[in-house]
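[1] take a look and give me a structure for this.
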Amino acid sequence: MDEQQTLSALAALAQATRLQAFRLLVAHEPAGLAAGDIARLIGVPQNTLSAHLALLAHAGLVRGERRGRSIIYRADLAHFRGLMLFLLKDCCGGAPEICAPLMSDLIPTCPAGAEDVPAASSS
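    Model prediction:
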């Protein structure tokens, strides 16, 4: 991930509806959600949400896959991982104990058995 991709992703997340949609999709990995379900769950009109999802997709944070008449959206966790690694790459400046509290805070957010979930592709 480079600086421009990072800026694009952060800009996409810097709006309440897009941030809510992205967090909802992360919570529903790996199954994803239909666009209509996302709109209903966060309480926005479907046409408004579609513009937000397009921006998130352009930033590489979500992917949509047509299934019949619906588009199922999923968070692109590989791209998000790249974003987080870019931001934290030089975190400790050679002193890993500085980042240890951050890492220990992140580990409990992954449920038991998460290692069984296949890695997201970086398409």
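[2] other residues contacting the lowest-mean-pLDDT helix or strand in the chain?
    Within the chain, no helix or strand scores below helix 96-106, which has a mean of 79 by mean pLDDT, DSSP states H and E. Helix 96-106 is contacted from outside by 88, 91-92, using C-beta atoms under 8 Å, 6 or more residues apart in numbering. For the C-beta atoms, the positions are set from N, CA and C on the backbone; glycine is no exception.
[3] mind doing that once more with 10 Å?
    84, 88, 91-93 (C-beta atoms under 10 Å, 6 or more residues apart in numbering).
[4] need the strands for this protein, in chain order.
    Remark: strands assigned in the chain by DSSP state E are 33-34, 62-67, 70-75.
[5] could these go into CSV alongside distance to Leu53, mean pLDDT and mean neighbour count?
    As requested, the strands of the chain are exported to CSV (distance: least, C-beta to C-beta, whole Å; pLDDT from 0 to 100; neighbours: other C-beta atoms under 10 Å):
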stretch, distance to Leu53, mean pLDDT, mean neighbour count
strand 33-34, 10, 96, 19
strand 62-67, 6, 95, 15
strand 70-75, 6, 96, 19
